[in-house]
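Asker: Fold the following for me, if possible:
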Amino acid sequence: MIVIADSSALVALSICDGLHLLDDLFGVVKVPQAVYDEVCVMHKAESHALQFYLQSKVCDVSSVIPIDKSNGLGKGELAAIALYKELSADLLLIDDARAKKVAYLNNLEVMGSLGVLLLAKDSGFIATIKPAITSLRCSDIFISEQLLDQILALAGE
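Answerer: Numbering: from 1, shown residues only. Presented below is the predicted three-dimensional model:
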C-alpha cells in the first residue's frame, strides 16, 4: 500500500510519537519535496523528528497533474495530491479540512491522523489512543475538543 502524507497529519502524529504507526500500518509512505520543506524548517515544531523519519521517503513530483477545485490550497497540499495521482497511491494522509474536501472532489482515498490512531488501535499496534489524544490536546495543533472526544468514544476509551 502506498500512502502519501501531508504536513498537517505528519506533525500531529509526530507530536504523539506515532510516526512509526504509518510504517506499521501501510508499508510505503512517501511525501513530496514541498511537504518535507514545510515540516523540516529549523526550530519548527517536530522538525527534527520529521527530518529523521522522512529522510528516505521524499519524492519529486515530476509532472503537472490537474487537480480540480484546488483554489486556496498550499504548495505542500497540492504537491501531495499530485504525488498521490502520479504514483496511483492508495491513501492520502491529510488533516486540513479544505485540503480533504479537494481530495474527496478528486476521488482520492483520505485519512487523517486521528484515523491512523484508531486504525492502529484496531490493528493491535497500540493498546490505547488516550495518551496520544492527551499529547494532541497539550500541543499547539487545533483539533476541536468535540472531535477528540468523539475519537475517544469510537476507541471505547
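
Asker: what are the phi and psi values for L19?
Answerer: Backbone torsions for L19, taken as degrees, to the nearest 10, come to phi -60, psi -40.

Asker: Which pLDDT value goes with it?
Answerer: Note on L19: pLDDT of 96.

Asker: wouldn't it be in contact with A49 here?
Answerer: Yes. With contact defined as Cβ atoms under 8 Å, L19 reaches A49; the gap is 6.9 Å. Backbone N, C-alpha and C define where each C-beta goes, glycine included.

Asker: So which of the two has more stuff around it?
Answerer: Using other Cβ atoms under 10 Å, the more surrounded residue of L19 and A49 is L19, with 21 against 18.

Asker: With adjacent residues omitted, what lies nearest to that one?
Answerer: Computed as Cβ to Cβ, 6 or more residues apart in numbering, the closest residue to L19 that is not its neighbour in sequence is Y53, at 4.8 Å.

Asker: Tell me how far that neighbour lies from L119.
Answerer: Applying Cβ to Cβ, to the nearest Å, the value for Y53 to L119 is 18 Å.

Asker: of these two, who's got more company?
Answerer: More crowded of Y53 and L119, by other Cβ under 10 Å: Y53, with 22 against 16.
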